[in-house]
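**Student:** below is the structure, and that's it, no one-letter string:
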C-alpha cells in the first residue's frame with residue numbers, strides 16, 4: 001500500500017469513526033448536563049474516553065503481533081463489520097423513517113433516570129458530584145468509545161500518527177459544535193452521517209481484506 005493511501009485511510013477511518021460514535025456522546029452530554037451536573041458529565045466523558053484510548057492502544061498492539069497478511073485480514077474484517085453497522089443505520093433512519101431524535105431523547109431519559117432513581121422521591125434539582133453519579137455517562141461514553149476504538153486500532157496499525165490526527169480533528173469539531181448549539185447535533189441528518197461513514201469504511205475495509213487475501217494467495221504468507 002502506498003504511503004499516501006495509508007495516510008488517507010488512517011485519517012478518514014479515525015475521523016469518521018470518532019465523529020459518528022462521538023456525536024451520540026456529545027448529544028447526551030449536552031442534553032443531560034443540567035440534570036446530572038457539569039462535573040458528573042465531564043468526569044463520565046473523560047473517564048470513558050480515557051478507557052477507550054486504553055482499549056485502542058491495547059488492541060493495536062495485539063494487531064501488531066501478527067504477520068502483515070493477518071493484520072490486513074483482521075483490519076478488513078473489523079472495518080467491514082462497522083461499515084455494515086453504519087449502512088444498516090442509514091437504512092433504518094432513511095428508508096425505515098426511524099427518528100434519531102426520538103432514540104436520543106429516550107436514551108437521555110434513561111441515563112438521567114439511572115442517576116435519579118437512587119434518590120427515590122426526594123430527587124435533587126441537580127445531582128451532586130460523585131464518581132457514582134458519573135457512571136451512567138461513563139457507561140455510554142465507553143460503549144460508544146469501544147466501538148470507535150476498534151476501528152482506530154485497525155487504522156492505527158498502518159499509521160498511528162494520522163489515525164490520532166483524524167481522531168483529534170473529529171473530537172475538536174464535536175466540541176465546537178456542542179459549544180455552539182445542541183440543535184446542530186441533533187438535527188443533522190443522521191442517515192447522511194451513517195451513509196458517508198459506512199461508504200468510507202466499506203471502501204477501505206474491502207481494500208484491506210483483498211490485500212490480505214492477495215498476500216495469502218500470491219505473497220508467500
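**Tutor:** Noted; the coordinates are in hand. Bear in mind the structure is a predicted one, so any value in this text is a computation, not a measurement.

**Student:** okay, and residue 9 sits in which element?
**Tutor:** Assigned by DSSP states H and E, residue 9 falls within helix 3-36.

**Student:** now do the helix or strand of the chain with the lowest mean pLDDT: everything it contacts.
**Tutor:** Least confident helix or strand, the chain: helix 182-187 with a mean of 75, by mean pLDDT, DSSP states H and E. Helix 182-187 is contacted by residues 23, 26, 27, 30, 31, 100, 101, 104, 174, 177, 178 when judged by Cβ atoms under 8 Å, 6 or more residues apart in numbering. From N, CA and C alone the C-beta is placed, and that goes for glycine too.

**Student:** how about it: buried residues?
**Tutor:** 182, 185, 186 (16 or more other Cβ atoms under 10 Å).

**Student:** following that helix, which helix or strand comes up?
**Tutor:** Next along the chain after helix 182-187, taking DSSP H and E as the criterion, comes helix 190-218.

**Student:** thinking again about what came up before, filter the contacts of helix 182-187 to the buried ones?
**Tutor:** Among those, those classed as buried by 16+ other Cβ under 10 Å are 23, 26, 27, 30, 31, 100, 104, 174, 177, 178.

**Student:** wait, which of the residues you listed is closest to residue 218?
**Tutor:** Relative to residue 218, the closest of the buried ones among the contacts of helix 182-187 is residue 23; by Cβ to Cβ it sits at 40.8 Å.

**Student:** quick one, grab the pLDDT at the closest one.
**Tutor:** Note for residue 23: predicted pLDDT of 89.

**Student:** same check, this time on the one 3 residues further on
**Tutor:** Turning to residue 26, the model gives it a pLDDT of 90.

**Student:** check contacts around it.
**Tutor:** Residues near residue 26 by Cβ under 8 Å, 6+ apart: 174, 175, 177, 178, 185.

**Student:** can you redo those as TSV with distance to residue 206 and secondary structure?
**Tutor:** Formatted as TSV, the contacts of residue 26 follow (distance: Cβ to Cβ, whole Å; DSSP: H, G, I helix; E, B strand; the rest coil):
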residue	distance to residue 206	secondary structure
174	28	helix
175	32	helix
177	31	helix
178	33	helix
185	30	helix
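
**Student:** min pLDDT across those residues, which one?
**Tutor:** In terms of pLDDT, the lowest of the contacts of residue 26 is residue 185, showing 75.

**Student:** distance of the closest residue to that one other than its chain neighbours from residue 111?
**Tutor:** Spatial nearest neighbour of residue 185, excluding adjacent residues (Cβ to Cβ, 6 or more residues apart in numbering): residue 27 at 4.9 Å. Taking Cβ to Cβ, to the nearest Å as the measure, residue 27 falls 11 Å from residue 111.

**Student:** what's the answer for residue 75, then?
**Tutor:** With Cβ to Cβ as the criterion, residue 75 and residue 111 are 33 Å apart.

**Student:** who's more crowded, those two?
**Tutor:** It is residue 75, of residue 75 and residue 111, that has more neighbours when counted by other Cβ atoms under 10 Å, with 27 against 22.

**Student:** shouldn't the more buried one be in contact with residue 152?
**Tutor:** No - if you go by Cβ atoms under 8 Å, residue 75 and residue 152 don't touch, sitting 11.2 Å apart.
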